[in-house]
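**Q** Structural data only, the sequence is not supplied:
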Ligand SMILES: [Zn+2]
């Protein structure tokens with residue numbers, strides 16, 4: 001079971017990362033923050049956002065879709081459930 005809150009956290013990290021890259025052109029140290037946010041995203045992704053059955057990678061866009069639809073893993077074909085609470 002993939003937690004909905006982890007998807008939101010990963011999404012937030014990506015948002016921070018892209019914002020810091022954009023702002024980094026004006027204020028260089030923000031590139032460091034962008035790197036940290038990206039590392040955070042990758043970590044959450046690796047730890048929590050894999051298919052619970054086969055460990056296959058799913059991208060965020062598909063996981064957002066899976067929240068409201070029945071979604072089958074691209075790798076093993078089993079249904080991936082998203083826990084929303
Ligand atoms: Zn799978």
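**A** Sure, I can see it. Predicted, not measured: the structure shown is a model, and the values here were computed from it.

**Q** so who does residue 62 touch?
**A** 71, 74 (CB atoms under 8 Å, 6 or more residues apart in numbering). For every residue, glycine as well, the C-beta is placed using N, CA and C.

**Q** again, but for residue 74
**A** Contacts of residue 74 by CB under 8 Å, 6+ apart are 56, 58, 62.

**Q** Between those residues, which sits nearest residue 18?
**A** residue 62 (19.1 Å; CB to CB).

**Q** which among the contacts of residue 74 are in contact with the ion?
**A** residue 56 (CB under 5 Å from the ion).

**Q** Can you list which of the contacts of residue 74 are found in strands?
**A** Among the contacts of residue 74, none falls in strands (DSSP state E).

**Q** In a markdown table: the contacts of residue 74, plus pLDDT and distance to residue 38.
**A** Output for these, formatted as a markdown table (pLDDT from 0 to 100; distance: CB to CB, whole Å):
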| residue | pLDDT | distance to residue 38 |
| --- | --- | --- |
| 56 | 94 | 21 |
| 58 | 90 | 18 |
| 62 | 92 | 20 |
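
**Q** Longest helix in this structure, please.
**A** Using DSSP state H, we find that the single longest helix of the chain is helix 4-24.

**Q** residues in the protein within reach of the ion, list them.
**A** 51, 53-54, 56, 73, 75-76.

**Q** neighbours around residue 13, how many?
**A** 20 (other CB atoms under 10 Å).

**Q** which residues touch residue 54?
**A** Contacts of residue 54 (CB under 8 Å, 6+ apart): 73, 75-76, 78.
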